[in-house]
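Student: Need coordinates for the below:
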Amino acid sequence: MSAGAAGCPAGWHASLQLRFAERAGRTVLAGRRHLGPLVVQKPLYPEGGICHAVVIHPPAGIAGGDTLQIDVEVGAGAHAVLATPGATKWYKSLGRAARQSVRLSVEAGGRLDWLPQENIVFDDARAQLDTTVELAPGASAIGWDAVVLGRQASGERWARGELDIVTRIGSAQRTVWLEQGRFDAASPLRQSRAGLDGMPVFGSLWAAGPGATRDLAETVAASLPYTGALRAGISCLEDREHPVLLLRVLGAHIEPVRRLLIGAWCALREPIHGVASRPLRLWAT
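Tutor: Here you go, the predicted model:
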């Protein structure tokens, strides 16, 4: 890496492009290109023809000036499951923003499970997360993002820094859901009941596809906690072409939030994808 204008090392610029295709009833990793420290492990098949892949960022964290780009295409009739082996750490940025941009595209009849582990935002980090989900008619996708503000295991509080999160879901031509959130460490909304209510952990799960109905949302809602140190709610966007379920969760600690997201994915996978759920082995390690 070369030195930056302010005397800081230049950030890593890494990209990963993956293309999954259906071949005789089996999903294969038909295309893979990467630049810099962002790779994918050898595909696995714990569910028969469904292709599982683990995205790895060897530096183990994202520092100020780093830019990561992940582009995933799931072809017609294919089903891919993508996860990460551990939490993504957003390091102290020295005043520079770090960015991760994810584009997920699913063709007609394709299915995608996007299941990264949580983001841990260090004190004085400036993180930008941008996720775009593009679905063809008849496609389905389930995914999530979870954030921990500060290194809880080390007793660190997130006292300085910024976090920007943008999520778009729809088709290439039309957006069904767009959310733009900006979190400043000094914002009073972090303690307000209208904001995070003092909770350092939050997450969102989205499930899009023909099976995303209001009845399904009400079924899932019946088991969600609404008060205390773990709270969640679910809503339904009844779009004609791309209905979407949105689940949001606030928590005092990441472990209960993680368990809730996994439980919701297990409940939603068969109605959304038509495939029974099977928790990933790496979640138990």
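
Student: CA atoms for contacts and neighbours, from now on please.
Tutor: OK.

Student: For the longest helix anywhere in the chain, buried residues please.
Tutor: The longest helix of the chain (DSSP state H) is helix 254-273. Neighbour-count burial for helix 254-273 flags 254, 256-258, 260-262, 264-265, 267-269, 271-273 (criterion: 16 or more other CA atoms under 10 Å).

Student: Kindly report the same for stretch 54-74.
Tutor: 54-57, 62-74.

Student: Which residues does the longest helix of the chain contact?
Tutor: Helix 254-273 has contacts (CA atoms under 8 Å, 6 or more residues apart in numbering) with 111, 140-142, 144, 146, 148, 201-203, 205, 207-212, 216, 220, 230, 249-251, 275-279.

Student: Would you mind checking the average pLDDT for that helix?
Tutor: Here helix 254-273 scores 97 as its mean pLDDT.

Student: begin at 54 from here
Tutor: Shifting the count to begin at 54 puts that one at helix 307-326.

Student: OK, contacts around the residue nearest to residue 234 when sequence neighbours are not counted?
Tutor: Nearest non-adjacent residue to residue 234, counting by CA to CA, 6 or more residues apart in numbering: residue 218, 5.1 Å away. Residue 218 makes contact with 181, 182, 183, 232, 233, 234, 235, according to CA under 8 Å, 6+ apart.

Student: Tell me how far stretch 108-128 lies from the chain's centre.
Tutor: For stretch 108-128, the separation from the chain centroid amounts to 12 Å (computed by CA atoms, centre = their mean, to the nearest Å).

Student: now swap in stretch 67-76 and tell me
Tutor: Between the centre of stretch 67-76 and the centre of its chain there are 17 Å (CA atoms, centre = their mean).

Student: chain center to stretch 302-311: distance?
Tutor: Its chain's C-alpha centre and that of stretch 302-311 lie 15 Å apart, by CA atoms, centre = their mean.

Student: Regarding it, how distant is the last residue from the first?
Tutor: Terminal residues of stretch 302-311 are spaced 10 Å apart (CA to CA, to the nearest Å).

Student: got it, and stretch 83-101?
Tutor: One end of stretch 83-101 sits 17 Å from the other (CA to CA).

Student: May I see the buried residues of it?
Tutor: Within stretch 83-101, the residues scored as buried using 16+ other CA under 10 Å are 90, 91, 92, 93, 96.

Student: Residue ranges in this protein under the pLDDT threshold?
Tutor: For the chain, the stretches flagged by pLDDT under 70 are 54-63.

Student: Okay, residue 216 and residue 174: tell me how far apart.
Tutor: Distance of residue 216 to residue 174, given as CA to CA: 8 Å.

Student: what's the answer for residue 89, then?
Tutor: The value you get for residue 89 to residue 174, if CA to CA is used, is 22 Å.

Student: mind listing what residue 331 touches?
Tutor: By CA under 8 Å, 6+ apart, residue 331 lies in contact with residue 319.

Student: helix, strand or coil for it?
Tutor: Of the three states, residue 331 takes coil under DSSP: H, G, I helix; E, B strand; the rest coil.

Student: re earlier: ok, of the contacts of residue 218, which come out buried?
Tutor: Neighbour counting over these (16+ other CA under 10 Å) leaves 181, 182, 183 as the buried ones.

Student: Report the beta-bridge partner residues of the residue nearest to residue 234.
Tutor: residue 182, residue 234 (DSSP bridges).

Student: Just the contacts of helix 307-326: which are in helices?
Tutor: Counted as lying in helices by DSSP H, out of the contacts of helix 307-326, are 269, 273.

Student: Weed out the non-buried ones from the contacts of helix 307-326.
Tutor: By neighbour count, with 16+ other CA under 10 Å, the contacts of helix 307-326 hold 164, 193-195, 197, 199, 201, 254-256, 258, 260-265, 269, 273, 283, 302-304, 330 as buried.

Student: Confirm that residue 271 sits in a helix.
Tutor: Yes - using three-state DSSP, the assignment for residue 271 is a helix.

Student: Can you show me the helices along the protein?
Tutor: Using DSSP H, helices in the chain cover 267-274, 307-326.

Student: Which of the ones you listed sits closest to residue 205?
Tutor: Nearest of those to residue 205, taken as CA to CA: helix 307-326 at 8.8 Å.

Student: one step back: could you work out which of the helices of the chain reaches nearest to residue 76?
Tutor: Closest of the helices of the chain to residue 76 is helix 307-326, at 18.5 Å (criterion: CA to CA).
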